[in-house]
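Undergrad: Sharing a model that was predicted from the sequence below.
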Amino acid sequence: MLNISNNSIQRKVSLNDFESYTHLKRSHRHGLPRWLTIFLVAVLFICLFLPWTQNINSKGYVTTRSPEQRPQSIPSVIGGRVEHWYVREGDFVKQGDTIVFISEIKSEYFDPELLTRTSEQLNAKAQSIETYDRKIGALQNQYTALKESLGLKREQTINKIQQARNKISMDSIDLVAYTTNKDIALNQLSRTRELYEKGLKTLTELQDKEYKVQAATAAVSVQENKLLIGKNELVNLKIELQAIERDYEDKLAKSLSEQQSAISSRLESVAATSKLQNQFSTYSERQKFYYITAPQSGYITRTIKKGIGETVKEGEDIVTIMPDTYELAVEIYTRPQDIPLLEIGERVQLRFDGWPAIVISGWPKASTGVFTGRIVAIDKFISDNGYYRLLVSPDPDQRAWPDPLSVGAGVHAFILLKEVPVWYEVWRLLNGFPPDFYRGDKSITSDIKPKVPLKSIK
């Protein structure tokens, strides 16, 4: 039948005797009419000149625009052991409601009277600060009294020195007088001896003059000794004044040293008190973390830790909560070559998973079941997947997004750009060129403002 062999069966079997062969042969005789072929080619050619709206297709998922409105995990600030659950998955909790209670697992916090004992230590340290304050005040009074006593002692000794100087001055005058008397007595003795030798004076008168000379000499010696004693007393008073100053300097230095030691001890007590206050506050705040509460109102979506007695590490997540009120947004990713074509406020067509829609990307007016959004944020840094992230919020001027829409739902987005002929879009896709820029050259140049006045440019 296929005539692929040299042995033909047409001589033995007549194919015209078979009705099926007759119908098949008749159908090959009537081909596609020429006018229909020309019509189809003409239609296709005309379709190449139809308008086509360029677009950027992307996929993403539903999220929220505010970070605090996104699903979040609630961690345990401290390490502990799960003792009691107050919620179940799917429960609605208000802000501040208790979710789970954990107990302590660190040995340094096992004491049930930890706060009481720490408070007693804190009170004792506070009283020691008051004691040091009183001691510092007493030492300051002692230091002041020593300085006043030093002033009195110095004035007293200076007065004695002045008296000794006056006495030395008087003794010096008396010594001069006694010395003069001695000279007079010696002169009288010399004249009396001459007269006695001439016989004009008696031996009694001579002996009387000799006695007066001896008395005057003795008086001079006594006065010299008295003057020497006065000078020695003056020297001793000066030495005593220096000794008093040295003694009081030692006493003042010792008092000041004790005062500084008391101040240092007080500062140590203040530091110890601050440390105890810090510990007391830490212990008080730590006990608040035994009850893990909801940071905001929402629904418990998943419990990460399960059962009773399970150990929780510090900073480890326990449950996940979804806020009850949130502002939906769409997070999509686009290629780096498409980023220069996008700007804040650009309109985006969206098709959410679970909501039937007919999308014709090139003819958006013919699409049904799609929703509209606008770009509100464009990342300035590329993501780990090699694409740039866009954040799209609902367009207030268009149809509202579905109420049952949940965070995490998938979405297909396409961003409308320039309107071009179909043949141009086919040609662009075959060459792998990016879409044309949405705005014309006039709008681009009009947005550019020179930083320097044109008159200043030469």
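TA: Great, that's in hand. Residues are numbered from 1 along each chain as shown.
Undergrad: so which strand or helix has residue 174?
TA: helix 114-198 (DSSP states H and E).
Undergrad: Averaged pLDDT, that helix. What do you get?
TA: For helix 114-198, mean pLDDT is 88.
Undergrad: Next secondary structure after it?
TA: Assigned by DSSP H and E, the successor of helix 114-198 is helix 203-288.
Undergrad: Tell me the buried residues in the next helix or strand after that next one?
TA: Downstream of helix 203-288, the first helix or strand assigned by DSSP H and E is strand 291-293. For strand 291-293, a neighbour-count test (16 or more other C-beta atoms under 10 Å) marks 292, 293 as buried. Backbone N, C-alpha and C define where each C-beta goes, glycine included.
Undergrad: in terms of contact, does residue 342 touch residue 415 like I think?
TA: Yes: in this structure, residue 342 is within contact of residue 415 by C-beta atoms under 8 Å, at 6.8 Å.
Undergrad: Return every residue with contacts to both of those two.
TA: 56, 334, 375 (C-beta atoms under 8 Å, 6 or more residues apart in numbering).
Undergrad: Now for the first one, how many residues are close by?
TA: The local packing of residue 56 (other C-beta atoms under 10 Å) involves 23 other residues.
Undergrad: one step back: more crowded one of residue 342 and residue 415?
TA: A direct count of neighbours by other C-beta under 10 Å for residue 342 and residue 415 places residue 415 higher, at 25 against 18.
Undergrad: which residues does the more buried one contact?
TA: Taking C-beta under 8 Å, 6+ apart, one finds 55, 56, 58, 334, 342, 346, 347, 348, 349, 375 in contact with residue 415.
Undergrad: okay if I get those residues as a markdown table plus secondary structure, distance to residue 318 and pLDDT?
TA: Formatted as a markdown table, the contacts of residue 415 follow (DSSP: H, G, I helix; E, B strand; the rest coil; distance: C-beta to C-beta, whole Å; pLDDT from 0 to 100):
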| residue | secondary structure | distance to residue 318 | pLDDT |
| --- | --- | --- | --- |
| 55 | strand | 44 | 68 |
| 56 | strand | 41 | 75 |
| 58 | strand | 35 | 83 |
| 334 | strand | 37 | 86 |
| 342 | coil | 40 | 81 |
| 346 | coil | 41 | 82 |
| 347 | strand | 42 | 83 |
| 348 | strand | 37 | 86 |
| 349 | strand | 41 | 81 |
| 375 | strand | 36 | 90 |
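Undergrad: mind putting the residues you listed in CSV, distance to residue 204 included?
TA: Output for the contacts of residue 415, formatted as CSV (distance: C-beta to C-beta, whole Å):
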residue, distance to residue 204
55, 162
56, 157
58, 155
334, 152
342, 150
346, 152
347, 156
348, 155
349, 161
375, 149
